[in-house]
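> Pasted the sequence and its predicted model underneath.
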Amino acid sequence: EAGSRAGAVSIAETTSGVVRANHLRRNRHLKRRLLACADHFNRSYKKGLAYMQEIKLLPEPLEANAVARFLKFTPLLDKEVVGEYLGDHKEFNISTLTAYCHIFDFSGVTLDRALRSFLDGFKLPGEAQKISRILEVFADRYYSGNPEAVADADSAYVLSYSIIMLNTDQHNPQVKRKMTLEQFVRNNRGTNGGNDWPRETLETIFAGIVNDEIKLTDDAAPTLTPSKWSDMMRSCGGGKGRMLASPTPQEAALYDADLFGIVWSPTIAAVSAVFDHTIDESVLKDALDGFLGIARIAGHHRMTDVMDHLVATLCKFAAPAHLQFGGNGGGGGSNGSGSPRPAVQFGSDDRARTAAVTVFTLANRYGDSLRAGWCNLLDLILRLHKLGLLSKKVTEGLSVDDRDGGTMRAIDGGKASTSATVQPEKIQKKVSSSSSLLRGFSQLLSLESDYYATADVPLTEADKEAEQRATRCIEACRVEEVFADSKFLEAQSLLHMVRALTWAAGPAGAAGAAGAAATENGDGGVISGASGTGSNGNSNSNSNSNGGGVGGVGAAEGGAVSAEDEDTALFCLDILVAVTLRNRDRIHLLLPQVYGYLRTIVQSAQVPTPLVERAIFEVLRIARALLPYKPELGEDLLDSLRLMFALQPAVADAFIERIARELCVLVRAAAGFIKGAKGWDTICKLLMASARHPDAAGHGFEALSLILAESSSEGDEGAAR
């Protein structure tokens with residue numbers, strides 16, 4: 001029974017904690033909205049009030065009480081604008097001023113302290129009429145709460161005006177001759193309903209004004225004056241302003257994400273400063289632990305902006321400016337190698353290697369929390385690729401393999417062009433004993449090595465050790481696993497990864513990413529003069545809708561494409577297709593983005609290039625691999641083949657034999673899954689085009705024979721039934 005009661009109490013405490021946490025979050029959200037409203041109000045109070053009505057923070061029509069509470073409790077309002085609004089002679093403004101005054105409780109408070117509290121929220125306007133109007137309302141409110149302290153409201157009004165004049169006299173540096181106590185007493189004779197004010201009252205008011213000026217409180221840097229302290233103690237005595245009860249551990253855990261949202265940015269900046277300026281191994285490890293701790297919290301709460309920022313910071317450390325081909329290498333690493341070889345430079349930079357291992361570990365562990373950070377990660381991978389730091393095994397792991405439909409065949413029967421065929425020489429890698437980040441940390445800093453890479457230029461012993469460390473670092477990064485495990489990513493993270501791949505590919509990727517949002521309507525055109533129409537029913541012989549880009553895309557504008565840019569685009573295309581085919585269950589999410597990118601390359605190609613070649617045959621590969629697996633997407637998959645109708649004659653002539661061969665393979669493997677007339681129309685028109693080319697005609701007739709055999713087989717089965 002006691003246990004049941006304890007359990008009931010625990011549940012009740014947890015429930016109340018959740019309720020209070022939700023209440024505080026709602027209040028915080030409201031404050032943020034109010035800050036935006038304050039900004040609008042400060043620029044124009046008319047537009048500001050209209051904006052608040054639009055977002056339902058103020059009623060429509062306006063109510064004086066609601067506006068008064070907004071003016072009283074909203075932080076960062078321009079107090080001069082508030083004063084002008086409250087001093088306006090319009091009827092609604094006067095009603096708002098009255099409601100504003102009624103928010104205050106002046107009972108038992110001296111007139112000067114009540115005036116201080118009242119004037120703390122706004123600046124008195126410069127016009128005497130507006131000042132008089134405001135003080136009249138204040139005097140009425142003060143008299144209603146202190147009928148025994150003053151004779152009437154007019155007496156409170158006169159003394160209030162006198163106090164404001166005394167405040168100006170005492171604290172205006174332009175006033176040389178200051179008012180004395182006797183002058184102040186004399187000025188207020190007979191103003192308390194025809195009688196004099198008690199002298200001790202006037203003396204107290206005079207001393208208070210001389211020693212503590214009535215002035216506006218700066219919201220950005222408030223100060224605790226004696227009058228402020230008095231107001232605070234009075235509020236606490238009335239049950240206001242009390243601290244909330246200490247939360248239970250269960251309730252405290254509910255605020256973790258909110259508190260972390262406040263401290264994460266300066267924390268990353270502080271850890272980065274330590275990581276950037278230290279050369280001590282233990283301090284470097286402490287900074288690494290700090291990065292991992294931040295990532296662990298951000299990953300737990302799925303704070304994507306924090307993870308993106310952290311990945312961007314680590315990528316900057318992992319690819320310092322001095323790490324480049326042909327650089328002197330003397331300006332960057334903590335060990336300061338003088339060799340121009342990128343592997344030696346990278347292996348000599350403890351900080352860069354540590355950051356690289358860390359950032360790829362975060363991507364593998366917390367990929368679901370990455371969004372824009374994929375772009376930074378792809379940029380780092382491309383830097384390592386261009387510098388020749390990715391081993392052959394890593395590069396092969398990033399590209400399409402037999403699980404994804406196998407490598408496409410080239411015209412001579414060999415493999416089609418991939419990034420591996422045009423990239424620079426890769427360093428060889430040795431399998432490390434462990435890929436654990438913390439265990440690998442000391443290995444990355446170790447100088448022990450028993451393996452030396454071959455090189456054209458003789459390396460010193462120190463350079464060989466540095467190259468060995470670079471090899472072990474790339475192994476520990478597990479770059480290929482980031483994309484191999486993409487099938488486990490959440491949908492949003494996967495989409496951002498694919499967009500990052502099209503972005504990293506260069507201008508073609510950027511155009512493809514922009515085009516992916518458009519509706520897929522097919523592409524009209526002809527292939528090497530063959531008569532055919534696109535899915536939209538229009539004939540078109542030249543389609544260059546998306547302009548220039550990387551690889552063959554750049555040729556659309558007549559510009560030459562460097563081998564490095566082509567290699568970058570091929571490398572990204574390898575990864576893009578591999579990721580696409582490894583996410584077959586979610587292929588409907590990726591096809592618009594992937595086809596947008598491939599369409600950009602194919603449509604704008606003027607001459608045959610390795611990138612155009614890959615783009616054409618990746619379209620065929622995707623259709624071949626997915627038709628048996630996703631027959632319901634057959635129409636979309638086959639409709640993508642209409643991209644080939646937009647090929648320029650020079651490009652079509654170069655690849656038509658291989659196109660016909662791959663179409664034959666497609667028909668042989670997936671003819672039974674092609675059900676729609678539109679899909680067969682696309683295949684037949686492509687095969688018709690191949691008949692005009694002697695090298696391709698044989699494959700075309702073979703494919704047509706397979707189609708007829710498939711049709712005959714289906715007819716026999718129908719007759720038997």
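Looks like it came in fine. Numbering: from 1, shown residues only.

> Could you pull out the buried residues of stretch 613-632?
613-627, 630 (16 or more other CB atoms under 10 Å). In this view, the C-beta of every residue, glycine as well, is placed from N, C-alpha and C.

> sorry, that was for stretch 148-164
149-151, 153-164.

> One more: stretch 107-114?
Val109, Thr110, Leu111, Asp112, Arg113, Ala114.

> farthest pair in these?
Largest separation among these by CB to CB: Val109 and Asp112, giving 9.1 Å.

> how about the nearest residue to Leu314, chain neighbours excluded?
Val359 (3.9 Å; CB to CB, 6 or more residues apart in numbering).

> what does Arg469 give?
Arg469's closest residue in space is Gly347 (CB to CB, 6+ apart), at 4.0 Å.

> hang on, the one you found packs against Ile474?
No. With contact defined as CB atoms under 8 Å, Gly347 and Ile474 do not form a contacting pair (9.9 Å).

> Can you pick out the residue with more neighbours from those two?
A direct count of neighbours by other CB atoms under 10 Å for Gly347 and Ile474 places Gly347 higher, at 32 against 27.

> Just want the most central residue of the chain.
Asp305 (4.7 Å; CA atoms, centre = their mean).

> list the helices and strands the strand or helix carrying it packs on?
For Asp305, the host element (DSSP states H and E) is helix 304-318. Secondary-structure packing of helix 304-318 (3 or more CB pairs under 8 Å, 6 or more residues apart in numbering; DSSP states H and E): helix 256-277, helix 281-300, helix 350-366, helix 373-386.

> hmm, back to that, so, if you compare the buried residues of stretch 148-164, which one comes nearest to Thr278?
Minimum distance to Thr278 across these is 59.2 Å, recorded for Ile164 (CB to CB).

> C-terminal to the helix or strand harbouring that closest one, what's the next element?
Using DSSP H and E, Ile164 falls within helix 153-171. Using DSSP H and E, the helix or strand that follows helix 153-171 in sequence is helix 181-187.

> Distance of the residue nearest to Arg469 relative to Asp574?
26 Å (CB to CB, to the nearest Å).

> again, but for Asp88
Taking CB to CB, one finds Asp88 at 69 Å from Asp574.

> So for those two, which residue has more residues nearby?
Asp574 (22 against 17).

> For the nearest residue to that one once chain neighbours are set aside, the count of nearby residues, please.
Nearest non-adjacent residue to Asp574, counting by CB to CB, 6+ apart: Ser399, 3.8 Å away. Ser399 is flanked by 20 other residues according to other CB under 10 Å.

> How much space separates Ser399 from Gly87?
73 Å.

> can you check Met165 too?
In terms of CB to CB, Met165 sits 18 Å off from Gly87.

> Same drill for those two, tell me which one is more crowded.
A direct count of neighbours by other CB under 10 Å for Met165 and Gly87 places Gly87 higher, at 22 against 13.

> Need phi/psi at that one.
When read as degrees, to the nearest 10, the backbone of Gly87 gives phi -90, psi 0.

> Look at it and report its pLDDT.
Per-residue confidence for Gly87 comes out at a pLDDT of 92.

> thought it was touching Glu136?
No. Applying CB under 8 Å as the test, Gly87 and Glu136 come out as separate, 11.1 Å apart.

> What is the subsequent helix or strand relative to the least confident helix or strand in the chain by mean pLDDT?
Sorting the helices and strands of the chain by mean pLDDT, DSSP states H and E puts helix 437-445 at the bottom, at a mean of 40. Note on helix 437-445: by DSSP H and E, the next helix or strand toward the C-terminus is helix 461-477.

> Now the helix or strand following that next one: average pLDDT?
Going down the chain from helix 461-477, the next helix or strand is helix 479-484, by DSSP H and E. On average, the pLDDT along helix 479-484 is 92.

> Over to stretch 487-506?
Here the average pLDDT along stretch 487-506 is 92.

> In CSV, could you pull the C-alpha coordinates for it?
Taking C-alpha atoms only, stretch 487-506 is exported to CSV below (Å, rounded to 0.1, in the frame of the first residue of the first chain):
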residue,chain,number,x,y,z
LYS,A,487,19.0,3.0,-46.0
PHE,A,488,18.7,3.5,-42.2
LEU,A,489,18.4,7.3,-42.3
GLU,A,490,15.2,9.1,-41.7
ALA,A,491,13.5,10.4,-44.8
GLN,A,492,14.3,14.1,-44.3
SER,A,493,18.0,13.4,-43.7
LEU,A,494,18.1,11.1,-46.7
LEU,A,495,16.6,13.8,-48.9
HIS,A,496,19.2,16.3,-47.7
MET,A,497,22.0,13.9,-48.4
VAL,A,498,20.8,13.4,-52.0
ARG,A,499,20.4,17.2,-52.4
ALA,A,500,23.9,17.7,-51.1
LEU,A,501,25.3,15.2,-53.6
THR,A,502,23.7,17.1,-56.5
TRP,A,503,25.0,20.3,-55.0
ALA,A,504,28.5,19.0,-54.5
ALA,A,505,28.6,17.8,-58.2
GLY,A,506,28.9,21.4,-59.3
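
> Please spell out which residues along that stretch are buried.
Buried, per 16+ other CB under 10 Å, within stretch 487-506: 489, 493-506.

> Could you list which of those residues belong to helices?
Among those, the members falling in helices (DSSP state H) are Ser493, Leu494, Leu495, His496, Met497, Val498, Arg499, Ala500, Leu501, Thr502, Trp503, Ala504.

> what distance separates the helix or strand that Ala569 is a member of from the middle of the whole chain?
Using DSSP H and E, Ala569 falls within helix 563-581. For helix 563-581, the separation from the chain centroid amounts to 24 Å (computed by CA atoms, centre = their mean, to the nearest Å).

> picking up where we left off before, tell me who's in contact with the residue nearest to the centre of the chain.
Residues in contact with Asp305 (CB atoms under 8 Å, 6 or more residues apart in numbering) are Arg371.

> so how far is Ala66 from it?
Taken as CB to CB, the span from Asp305 to Ala66 is 34 Å.

> hang on, Glu566 packs against Glu613?
No. Between Glu566 and Glu613 there is no contact under CB under 8 Å: 10.8 Å.

> Fine, thanks again, bye for now.
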